[in-house]
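In: Sharing a model prediction with you, sequence too.
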Amino acid sequence: MKKQNQNSITDNIRDILEWYTDIGMTVAIGHEPVNHKQVRARTHTATASIPLTKAGVTPLPTVATPPKQAVNSKAIAAACQTIDDLRQAIMNFDGCDLKMTATHTVFSDGNPDAKIMIIGEAPGADEDRQGRPFVGLSGQLLDRVLASINLSRAQNIYISNIISWRPPGNRTPTPHEIALCQPFIERHIELIAPKILILVGGVSAKTLLNTSEGIMKLRGKWHEFKTEGMQTPIKTMATYHPAFLLRSPGQKAAVWKDLLLVQEEMQKVGLA
């Protein structure tokens, strides 16, 4: 009976740790547990001993907060002259808090000489563990979808994400996180200089096309992507994210139509 109880306790602890990981609680703030009820009680007692001002308001303690240095990711990205420069700059970048909870910086995968570039949203759990974009179930589906029009990572496509670090619990990146990382992915596109850009998912499409329209309205038609440093815009197709297709397999037909448009454009520019 004692052994059964120990096994039950072990299973409960394992379940709790897995749940913490799923919701993004992957970092311990301190080495010792804290009873916050006791902390609040001590704080209340200490506050009660502070005399009131004449206005009847308890003065708040003054805490010196060091000024937060502004992070100019746009200048850092613009200074990168090669893909290796950009990779190293992102590896060294500490301006995004997502890096603190991520296991790996996920930069890219595929052939850097390819003329078709695919951009997703952010790494998931599998990508964070392996340090490569689109390697989980959704990535496997993406590979099969691309193979239908003769595209593969080994030969003719290059893949990256808007965000290089996994958001805790796979949540959607915040507007602030996207704004910090956007100069990096834009510089990434400039350095690769693809002839065709494929944006998978709403975050990727809305960010790089600078629009508030949803992916349902953006997919299925050609757009243009252009930065200040580019002379010629890039033909851009937005489509559903493979993770969405895993949840809604009925939308695979829509993605197939999008890829047929891509295949047609590949033939026009001599990529097929």
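Out: Alright, I've got the coordinates.

In: hey, where'd the helices end up in the stretch 1-150 of the chain?
Out: 2-22, 36-48, 73-78, 83-92, 98-101, 125-130, 137-147 (DSSP state H, counting those that start in this stretch).

In: between these, which gets the lowest average pLDDT?
Out: Per-stretch mean pLDDT for the helices of the stretch 1-150 of the chain is lowest at helix 36-48 (a mean of 50).

In: which strands and helices sit next to whichever strand or helix holds E264?
Out: Assigning secondary structure by DSSP states H and E places E264 in helix 252-268. In terms of contacts (3 or more C-beta pairs under 8 Å, 6 or more residues apart in numbering; DSSP states H and E), helix 252-268 is packed against helix 137-147, strand 196-200, strand 234-239. The way it works is simple: take the backbone N, C-alpha and C, and place the C-beta from them, glycine included.

In: Between strand 196-200 and that helix, find me the angle.
Out: Put simply, helix 252-268 runs at 170 degrees to strand 196-200, going by axes from the mean of the first three to the mean of the last three C-alpha atoms, to 10 degrees.

In: buried stuff in helix 252-268?
Out: Residues of helix 252-268 classed as buried by neighbour count (16 or more other C-beta atoms under 10 Å): 254-255, 258-259, 261-262, 265-266.

In: Save the helices and strands packed on helix 252-268 as TSV, and put in distance to E127 too.
Out: Shown next, in TSV, are the helices and strands packed on helix 252-268 (distance: least, C-beta to C-beta, whole Å):
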stretch	distance to E127
helix 137-147	7
strand 196-200	13
strand 234-239	19
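
In: which ones are touching C181?
Out: Neighbour list for C181: 73, 96, 162-164, 173 [criterion: C-beta atoms under 8 Å, 6 or more residues apart in numbering].

In: Between the residues you listed, which sits nearest T232?
Out: The nearest member of these to T232, counting by C-beta to C-beta, is I162 at 22.2 Å.

In: Number of residues surrounding the closest one?
Out: 24 (other C-beta atoms under 10 Å).

In: That one and A205, how far apart?
Out: For I162, the distance to A205 equals 10 Å [C-beta to C-beta, to the nearest Å].

In: and the buried residues of helix 252-268 as JSON lines, adding distance to Q182 and pLDDT?
Out: Output for the buried residues of helix 252-268, formatted as JSON lines (distance: C-beta to C-beta, whole Å; pLDDT from 0 to 100):
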{"residue": "A254", "distance to Q182": "27", "pLDDT": "97"}
{"residue": "V255", "distance to Q182": "25", "pLDDT": "97"}
{"residue": "D258", "distance to Q182": "23", "pLDDT": "98"}
{"residue": "L259", "distance to Q182": "26", "pLDDT": "97"}
{"residue": "L261", "distance to Q182": "26", "pLDDT": "98"}
{"residue": "V262", "distance to Q182": "24", "pLDDT": "98"}
{"residue": "E265", "distance to Q182": "25", "pLDDT": "97"}
{"residue": "M266", "distance to Q182": "27", "pLDDT": "97"}
